[in-house]
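Need coordinates for the following:
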Amino acid sequence: MAEWNIEHIAETDSTNRWLRDWAATQTGPLTELVEKVVVADYQTAGRGCATNSWESERGKNLLFSILIHPKMPSDEAASSSLIHPKTPSDEPASSSLVHPRVLSDEPASSSLIHPKTPSDEPDSSSLVHPRVLSDEGTSVEALLPAKRQFHISMAISLAVCEALGQYIGDLSIKWPNDIYWRDGKIAGILIEQTLKGGYIKDSIIGVGLNVNQRVFHSDAPNPVSMWQITEQETDREQLLKEILRAFQHYLGAEMKEQYLSMLYRRKGFYPYADHGGAFMAELLTVDDDGHLLLRDDNGNQRRYAFKEVTFI
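Sure thing, here's the model as predicted:
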């Protein structure tokens, strides 16, 4: 496996923001191949999804962001391998190759956003826009369609759980990607995508993991750290390496069933709330685009995007 390019900094407002600004300074023909990890000892404006803030004592926890250019899982990419022959024009030599129109280079702040497909583009996640590596008719790697961006959320969630599982048990994933120890939140994840032509141009994955912090002072309802569980200091650098190793593995694999098996409140009826009020429901599944599917105690199925339903 390739080594990660890791940079450590003492302080920043947000590792996601720092990495996004860093990426904007990169130029040259290989810019889209550059991937990087930044780790901070302290964040002055760390945040979770939407407007949630993240409390972290200086030098005690693991605060990092990863920049990747995600591709299809290797087994899928292999089964749909495409050759891009040299042609005299910019148009594909075969009608099976689709070059979607550029929509935006602006980041989509949630990993659950399902961008609208323009009417002149096929509405199919099976279409792959290859990244050209050579003009000599060599094979190309398939970019991950925006409709599959929840693959990244599952990969990083499982990677954090796998690494933490070497130290503690009783871990689960609270949909979509909060990491829980029993009923306490031990890690939060914020994913920001840059979409281009219906595919993911790049993805910045921010992780805040409570490691050696002993006391929390914010009004967050249920934070917990590794130290509070084990009463032992954990090597943050080693933990980071274990997460990155696992993340690289899951990015290239299909792991939907494993993700579902790790979900918080996976079995049984529990209280939830949406715009219509509180209700009891059981978790059925999570769709490929990241929507949560519940069945309430009246037998009705309910489908939610992120922030549309609350765990009570």
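
Could you pull out the strands in the stretch 51-200 of the chain for me?
Applying DSSP state E, counting those that start in this stretch to the stretch 51-200 of the chain gives strands spanning 62-68, 107-108, 130-131, 141-142, 171-174, 178-181, 184-196, 199-209.

export the last one as PDB, just CAs?
Taking C-alpha atoms only, strand 199-209 is exported to PDB below (Å, rounded to 0.1, in the frame of the first residue of the first chain):
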ATOM      1  CA  TYR A 199     -18.600  12.400 -10.000                       C
ATOM      2  CA  ILE A 200     -16.500  13.100  -7.000                       C
ATOM      3  CA  LYS A 201     -13.500  15.200  -7.900                       C
ATOM      4  CA  ASP A 202     -12.100  15.100  -4.400                       C
ATOM      5  CA  SER A 203     -13.200  14.400  -0.900                       C
ATOM      6  CA  ILE A 204     -12.000  15.900   2.400                       C
ATOM      7  CA  ILE A 205     -12.700  13.700   5.400                       C
ATOM      8  CA  GLY A 206     -12.400  15.300   8.900                       C
ATOM      9  CA  VAL A 207     -12.200  13.100  12.000                       C
ATOM     10  CA  GLY A 208     -12.300  14.100  15.600                       C
ATOM     11  CA  LEU A 209     -11.500  11.200  18.000                       C
END
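
mind checking how far Ser14 is from Glu242?
24 Å (CB to CB, to the nearest Å). From N, CA and C alone the C-beta is placed, and that goes for glycine too.

Repeat that for Ala273.
Going from Ala273 to Glu242 by CB to CB gives 36 Å.

More neighbours: which of these two?
Glu242 (19 against 12; other CB atoms under 10 Å).

Spatially nearest residue to that one, not counting backbone neighbours?
With sequence-adjacent residues excluded and distances taken as CB to CB, 6 or more residues apart in numbering, Glu242 is closest to Ala163, at 3.9 Å.

Could I get the contacting residues of the one you found?
Leu239, Glu242, Ile243, Ala246 (CB atoms under 8 Å, 6 or more residues apart in numbering).

Quick one: residues contacting Glu57.
Contacts of Glu57 by CB under 8 Å, 6+ apart are Gln213.

Let's see that with 10 Å instead.
Going by CB atoms under 10 Å, 6 or more residues apart in numbering, Glu57 touches Asp41, Tyr42, Asn210, Val211, Asn212, Gln213, Arg214, Val215, Phe216, His217, Ser225.

Counting neighbours, which of those comes out on top?
Neighbour-wise, the contacts of Glu57 (other CB under 10 Å) top out at Asn210, 27 neighbours.

got a list of what Leu292 touches?
Per CB under 10 Å, 6+ apart, neighbours of Leu292: 112, 175-176, 263, 272, 281, 283-286, 302-306, 308-309.

Ok, Leu30 next?
Leu30 neighbours (CB under 10 Å, 6+ apart): none.

any idea how far Gly206 is from Glu162?
19 Å.

And the two? Which one has more around it.
Between Glu162 and Gly206, counting by other CB under 10 Å, Gly206 is the more crowded of the two (27 against 19).

Is that one in contact with Arg17, as I believe?
Yes. Counting by CB atoms under 10 Å, Gly206 touches Arg17, with 9.2 Å between them.

From one end of stretch 12-28 to the other, what's the distance?
26 Å (CA to CA, to the nearest Å).

can you start the count at 15 instead of 1 from here on
Done: numbering now begins at 15, and the last item shifts to stretch 26-42.

Just give me how far that stretch sits from the chain centre.
In this view, stretch 26-42 has its centroid 18 Å away from the chain centroid, taken as CA atoms, centre = their mean, to the nearest Å.

Buried residues of that stretch, list them for me.
Neighbour-count burial for stretch 26-42, counted by 16 or more other CB atoms under 10 Å, picks out Thr26, Ser28, Thr29, Asn30, Arg31, Trp32, Leu33, Arg34, Ala37.

and the closest residue to Ala234 other than its chain neighbours, how many residues sit next to it?
Distances taken as CB to CB, 6+ apart put Glu69 closest to Ala234, at 6.3 Å, once the chain neighbours are dropped. Residues lying near Glu69 (other CB under 10 Å) number 16.

do the one 4 residues further on as well
Residues near Gly73, counting by other CB under 10 Å, number 12.

what's the spacing between it and Leu178?
20 Å.

same deal with Lys255?
Lys255 is 13 Å from Leu178, by CB to CB.

Same check on Glu247?
Relative to Leu178, and taking CB to CB, Glu247 is found at 15 Å.

Check which helix or strand Thr256 maps to.
No Thr there; residue 256 is Glu. Element membership for Glu256 (DSSP states H and E) is helix 250-265.

no, scratch that, I was asking about Thr41
Per DSSP H and E, there is no helix or strand for Thr41.

got a pLDDT number for it?
Note for Thr41: predicted pLDDT of 81.

Was I right to think Val51 contacts Leu33?
Yes. Using CB under 10 Å, Val51 makes contact with Leu33 at a distance of 8.3 Å.
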